[in-house]
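Colleague: Can you look at this prediction? I've put the sequence above it.
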Amino acid sequence: MLVLTRKHNQSIIIGNNIEIMIVEIRGDQVKIGIKAPKNVSIYRSEIYEEIMNENKLATEQTAVDKLGAITRMIKPDAEKKEDK
């Protein structure tokens, strides 16, 4: 991890097209501004983690749904036996 010290209105450049600027410092909070191309997704870490968890759950559910569909195709009467 690279750790930098920046003052108000100073910035850092990532790659050729992402700029992170210190917009405001108030107490123990720092407000930053990010300039990046529209195709670059930018999330707060807690939101990103929620998105990844939701994607994982959706993928797992899709896999379960597909497995159930395949099982019904292979053994069409298996579902009827389970219902009894």
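Modeller: Now that the structure is in, tell me what you want to look at. Numbers count the residues shown, from 1 in each chain.

Colleague: Return the distance of the residue nearest to residue 11 when sequence neighbours are not counted relative to residue 33.
Modeller: Leaving aside its chain neighbours, residue 11 sits nearest to residue 21 (3.9 Å; criterion: Cβ to Cβ, 6 or more residues apart in numbering). Backbone N, C-alpha and C define where each C-beta goes, glycine included. Remark: distance between residue 21 and residue 33 (Cβ to Cβ, to the nearest Å) = 5 Å.

Colleague: of those two, who's got more company?
Modeller: Just comparing residue 21 and residue 33: by other Cβ atoms under 10 Å the higher neighbour count belongs to residue 21, 16 against 12.

Colleague: Who are the packing partners of the helix or strand that one falls within?
Modeller: Using DSSP states H and E, residue 21 sits within strand 18-26. Counting contacts by 3 or more Cβ pairs under 8 Å, 6 or more residues apart in numbering; DSSP states H and E, strand 18-26 is packed against strand 11-14, strand 29-35.

Colleague: Of these, which is nearest residue 48?
Modeller: Proximity to residue 48 (Cβ to Cβ) singles out strand 29-35 among those, at 14.0 Å.

Colleague: hmm, who's touching that closest one?
Modeller: Contacts to strand 29-35, defined as Cβ atoms under 8 Å, 6 or more residues apart in numbering, come from residues 18-25, 42.

Colleague: okay, the angle between it and strand 18-26?
Modeller: Between strand 29-35 and strand 18-26, the angle comes out at 160 degrees (axes from the mean of the first three to the mean of the last three Cα atoms, to 10 degrees).
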